[in-house]
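Student: Mind folding the following:
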Amino acid sequence: MLKIYFSGEDILRTRVAPAADPVWESVLSLHALLGRSSDPLTAAWRRTVARELRQDAASEQLRLLFALSPPRGYFPDFLTPYASVDGFEAGLDAVRSTPIELLNRDLSVLATENSLPSSAAALARGEVAALHHLAESMERYRSLAISPYWSRIQAAVAADRTRRARALLDGGVEGLLTSLRPAMRWESGVLEVRDYPQSRELHLDGRGLLLVPSYFCASTPVALFDPALPPVLVYPVDRLGGLAPADGSGSAGPGAGRESLAALLGRTRAAVLQASDDGCTTGEVARRLNISPAAASQHATVLRNAGLLVSQRDRNTVLHTLTPLGRAMLDA
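Tutor: Okay, here's the model as predicted:
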């Protein structure tokens, strides 16, 4: 179990990352790709990405990145720098400028249970060429495995952020932390991650905690190995279905999208879409539009089937939020 201890100052400084973190998603997706997961929501993604990597001429250049990201157990903190909260390029810049002492420490820990390629030695020495090669490998992998699916990943994370925002508004930061159940439990100033693979304690010491919602995080949240680094806790979101590329390949069928979109015509459904702009429950939609809850649920179902809404159940309510496509249609 991981126990994270909060002071009053830590509660004030706790926040949720502003969007899906492309560096964390890339690294955690490598664990899903290289492992033997039977997760049906990523099965098609794994087959597609594995096939493209086999065909890609640069795949051999990714060997070091793969070695640094074993599917189970420890992986280096320097692969997921805190700076990635500001975007992928900021994260890569931080990787390129990783201090030698951090490279040495992380790679030594990794080598105790994993076989590393010879190129890891140059990385441990902090050679500029090795660091730039690693950053280029991360960029190449992201272009193959993450970028084509980014809109779905963003939609799942955005839906989770809306859910956490409502918990924060209703109950403050303690309400936010309580909403992270069942994977975590908040009680008396301590956030417990129950199924954490190691027994650890993390004292925030006034630094606060950055919560990072993630599509590719497995069922157990992830914290950095080094307690001296800015505290980060990555946690899984509801995935809202499997991954499909942005061009729509792998969807239900060539006519499915057109048929669903045709069903959207009408003022009421447009109003439901508008009401969901900042997140709205079925009951709130019904009250705002003066329609029955059953009618609100039916309209939301059509919008969801067309890929314009995502819906998440939280106890007795269902929260609807816009997908990137839904927002684009609303803004058109």
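Student: OK, contacts around the closest residue to residue 115 other than its chain neighbours?
Tutor: Once flanking residues are discounted, residue 115 sits nearest to residue 67: 7.6 Å by CB to CB, 6 or more residues apart in numbering. Glycine gets a C-beta too; all of them are placed from N, C-alpha and C. Going by CB atoms under 8 Å, 6 or more residues apart in numbering, residue 67 touches 114, 115, 116, 117, 120.
Student: Of the residues you listed - the most surrounded one?
Tutor: Among the contacts of residue 67, residue 120 has the most neighbours (other CB atoms under 10 Å), with 20 neighbours.
Student: Contacts only, for residue 59.
Tutor: So, once contact is read as CB under 8 Å, 6+ apart, residue 59 ends up touching residue 53.
Student: what about it, distance to residue 139?
Tutor: With the distance defined as CB to CB, to the nearest Å, residue 59 ends up 14 Å from residue 139.
Student: among the contacts of residue 67, which are in helices?
Tutor: residue 120 (DSSP state H).
Student: what about stretch 312-322, how long is it end to end?
Tutor: Stretch 312-322 has an end-to-end distance of 12 Å (criterion: CA to CA, to the nearest Å).
Student: pLDDT below threshold where in the stretch 51-200 of the chain?
Tutor: Applying pLDDT under 70 to the stretch 51-200 of the chain picks out residues 57-58.
Student: Okay, strands next: where are they in it?
Tutor: Taking DSSP state E, counting those that start in this stretch as the test, the strands found in the stretch 51-200 of the chain are 184-187, 190-193, 200-203.
Student: list the contacts for the nearest residue to residue 70 once chain neighbours are set aside?
Tutor: Setting aside the residues directly before and after it, residue 70 is nearest to residue 114 in space (CB to CB, 6+ apart), at 5.4 Å. Contact analysis of residue 114 by CB under 8 Å, 6+ apart lists 67, 70, 73.
Student: Mind checking the pLDDT average for the strand or helix carrying residue 28?
Tutor: Residue 28 is part of helix 22-34 when elements are defined by DSSP states H and E. Here helix 22-34 scores 93 as its mean pLDDT.
Student: Longest helix of this structure, counting residues only.
Tutor: helix 150-178.
Student: in that one, what counts as buried?
Tutor: 150-164, 166-168, 173, 176-178 (16 or more other CB atoms under 10 Å).
Student: Next: stretch 278-292.
Tutor: 279, 280, 281, 282, 284, 285, 286, 289, 291.
Student: swap in stretch 51-61?
Tutor: 53, 56, 59.
Student: How about stretch 176-185?
Tutor: 176, 177, 178, 179, 180, 183, 184.
Student: Might one say that the second one is in contact with residue 185?
Tutor: No: the pair residue 177 and residue 185 fails to qualify as a contact (CB atoms under 8 Å) at a distance of 9.2 Å.
Student: Touching both of the two, which residues are there?
Tutor: What both residue 177 and residue 185 touch, as defined by CB under 8 Å, 6+ apart, is the set residue 191.
Student: which residue is nearest the middle of the protein?
Tutor: Centroid-nearest residue in the chain, with CA atoms, centre = their mean: residue 214, separated by 1.7 Å.
Student: and the gap between that one and residue 300?
Tutor: The gap separating residue 214 from residue 300 is 26 Å, by CB to CB.
Student: where's the residue of the chain positioned farthest from its centre relative to residue 137, distance?
Tutor: Centroid-distance maximum for the chain: residue 290 at 35.8 Å, with CA atoms, centre = their mean. For residue 290, the distance to residue 137 equals 56 Å [CB to CB].
Student: Great, nothing more from me.
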